[in-house]
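Enquirer: Task: produce atomic coordinates for the following.
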Amino acid sequence: MSESTQAPDLLRGHTASVLCCTVHHSHAILASGSEDGDVAIHDFRSHELAQRINLGESGPVEVPSAIFGVEDQQVFACAEACVFQIDMRQGAVLQRYTVNNDEINSLALSPNGTYLAAADDTGAIKIINVRTHQLHKTLTGCHSNICAAVSFRPHHPWELLSGGLDAQVVRWNFATGRPVRRWQMGVELVQSDSTQAFNPPLAHNIDVASPPWAPRQFGRLVAVARGDGHVALYDADHVDPGPKKGKKVKGKKGSGGASGCQDSATAEDTGRLREGQICCLTQQDGGHSASVGTVAFHQASNGRHVVSGGNDAALLIWDWTSCVPDDSPWATTMPEGLEADSSTGYLHRISHGRKVNAVATCRGTGLNTFVADTSRTIKAYSIT
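Expert: This is a model prediction of the structure:
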């Protein structure tokens, strides 16, 4: 594993800590949100601040999530319990959605741009049809604590994934409003793991690999940034073998699915709840030494590399295929040219110097990795 203190380029314009950032799907622009209510647009080739709008209509508010829409210059951002649809060309709010009952933590847009998901502190996920401006569905009954992250699935038009501070990741069918399955974080750990003892495996952030920059098969993957310092990868399409014959596993009433949501995992459930885990990067493997707050499949590597950042002020870029166990189906079914290679090891660790709040990536060999941290500037790295 290589290590560096690479000096990044700086994107300026915020006046408070930057909480989130995201790259446009086809243009060299980056949207970000900060602690003082600003949503900013940067041209990261020229380093210029192209637009800035403040969402704090009655005082300072935090903007924990901002995403681009399918239309150019369209941005969705959240502050407190409200979602704002913004035209960044005009610097104006076009629409407000006030369907959430508590502070929103994460936004996601479906691949076709029709549905927006907003995950909040109650553990609920609101699905909004942004074409009709109507609430489509409310997903509840699984997360018993804050829902911290949400992401739609490529090639599965009615599915999304969510992660919460109850240490669960849930796969949902939002057409029916019911869970398909769930994963309980940390069931694979032994009791002697000192990192987990002080930092429970809360699911702070999740990411999926999406076409066109990743192979179709990688659309099955979900990466999870955890509070115990681990980054875990799961196959969301893994077929659950189910409980042993004669053993019934009951979920909450109305939760639905063969592996409906439950309050806790029993010893009999432990194997079932970790089924589908492909690999897990731990501190012992060279991973993070503190809670991980953000994770992303790197677009420049076609999804083969994962970049993560955490409270240890480190930015870690690693080849997840090198962690796949030899007996895993993923060890022998990689797309051509992306076969698992245990000899590559982990790629690179950057001593970033500040707690990392969010990371975003794009294709290309220029500036392709962007970091929001506790400072007022966005750091831009070139990682190959």
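Enquirer: Every contact and neighbour count from this point should use C-alpha atoms.
Expert: Noted.
Enquirer: Which residue, other than its chain neighbours, is closest to Asn199?
Expert: Asp228 (4.7 Å; C-alpha to C-alpha, 6 or more residues apart in numbering).
Enquirer: Now do the strands in the stretch 201-350 of the chain.
Expert: 203-208, 221-226, 231-235, 277-281, 292-297, 305-310, 314-319, 346-351 (DSSP state E, counting those that start in this stretch).
Enquirer: hmm, back to that, now do the residue nearest to Asn199 against Ile146, distance only.
Expert: 17 Å (C-alpha to C-alpha, to the nearest Å).
Enquirer: again, but for Ser4
Expert: For Ser4, the distance to Ile146 - C-alpha to C-alpha - is 35 Å.
Enquirer: same thing with Thr365?
Expert: 37 Å.
Enquirer: Just want to know which of the two has more residues nearby.
Expert: Ile146 (24 against 11; other C-alpha atoms under 10 Å).
Enquirer: returning to that earlier point: rank the strands of the stretch 201-350 of the chain by pLDDT, which is bottom?
Expert: Confidence, taken as mean pLDDT, is least for strand 346-351 of the strands of the stretch 201-350 of the chain (a mean of 83).
Enquirer: So, low pLDDT: which residues of the stretch 101-250 of the chain?
Expert: 188-197, 240-250 (pLDDT under 70).
Enquirer: secondary structure element for Lys137?
Expert: strand 134-139 (DSSP states H and E).
Enquirer: Which neighbouring elements make contact with that strand?
Expert: Counting by 3 or more C-alpha pairs under 8 Å, 6 or more residues apart in numbering; DSSP states H and E, the packing neighbours recorded for strand 134-139 are strand 125-129.
Enquirer: Make JSON lines out of the strands of the stretch 201-350 of the chain and add distance to Lys137.
Expert: Output for the strands of the stretch 201-350 of the chain, formatted as JSON lines (distance: least, C-alpha to C-alpha, whole Å):
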{"stretch": "strand 203-208", "distance to Lys137": "21"}
{"stretch": "strand 221-226", "distance to Lys137": "23"}
{"stretch": "strand 231-235", "distance to Lys137": "25"}
{"stretch": "strand 277-281", "distance to Lys137": "29"}
{"stretch": "strand 292-297", "distance to Lys137": "27"}
{"stretch": "strand 305-310", "distance to Lys137": "31"}
{"stretch": "strand 314-319", "distance to Lys137": "36"}
{"stretch": "strand 346-351", "distance to Lys137": "41"}
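Enquirer: elements contacting the helix or strand Ala117 falls within?
Expert: Applying DSSP H and E as the criterion places Ala117 in strand 115-120. In terms of contacts (3+ C-alpha pairs under 8 Å, 6+ apart), strand 115-120 is packed against strand 104-109, strand 125-129, strand 147-152.
Enquirer: Dump those into a markdown table; add mean neighbour count and distance to Pro201 as well.
Expert: Putting the helices and strands packed on strand 115-120 into a markdown table (neighbours: other C-alpha atoms under 10 Å; distance: least, C-alpha to C-alpha, whole Å) gives the following:
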| stretch | mean neighbour count | distance to Pro201 |
| --- | --- | --- |
| strand 104-109 | 25 | 18 |
| strand 125-129 | 23 | 21 |
| strand 147-152 | 27 | 13 |
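Enquirer: which one of these lies closest to Ser351?
Expert: strand 147-152 (25.3 Å; C-alpha to C-alpha).
Enquirer: Now do that closest one: which elements does it pack against?
Expert: Short answer (3+ C-alpha pairs under 8 Å, 6+ apart): strand 147-152 packs on strand 104-109, strand 115-120, strand 159-164, strand 203-208.
Enquirer: Please convert the ones you listed to JSON lines, extending it with distance to Ser351.
Expert: Shown next, in JSON lines, are those (distance: least, C-alpha to C-alpha, whole Å):
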{"stretch": "strand 104-109", "distance to Ser351": "27"}
{"stretch": "strand 115-120", "distance to Ser351": "31"}
{"stretch": "strand 159-164", "distance to Ser351": "27"}
{"stretch": "strand 203-208", "distance to Ser351": "21"}
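Enquirer: Can you say which of these is nearest to Gly13?
Expert: Minimum separation from Gly13 across the helices and strands packed on strand 147-152 (C-alpha to C-alpha) falls at strand 104-109, 22.6 Å.
Enquirer: Columns distance to Ser46 and mean neighbour count on top of the strands of the stretch 201-350 of the chain, output as a markdown table?
Expert: Below are the strands of the stretch 201-350 of the chain laid out as a markdown table (distance: least, C-alpha to C-alpha, whole Å; neighbours: other C-alpha atoms under 10 Å):
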| stretch | distance to Ser46 | mean neighbour count |
| --- | --- | --- |
| strand 203-208 | 28 | 27 |
| strand 221-226 | 31 | 27 |
| strand 231-235 | 33 | 23 |
| strand 277-281 | 36 | 20 |
| strand 292-297 | 24 | 28 |
| strand 305-310 | 24 | 26 |
| strand 314-319 | 24 | 24 |
| strand 346-351 | 24 | 19 |
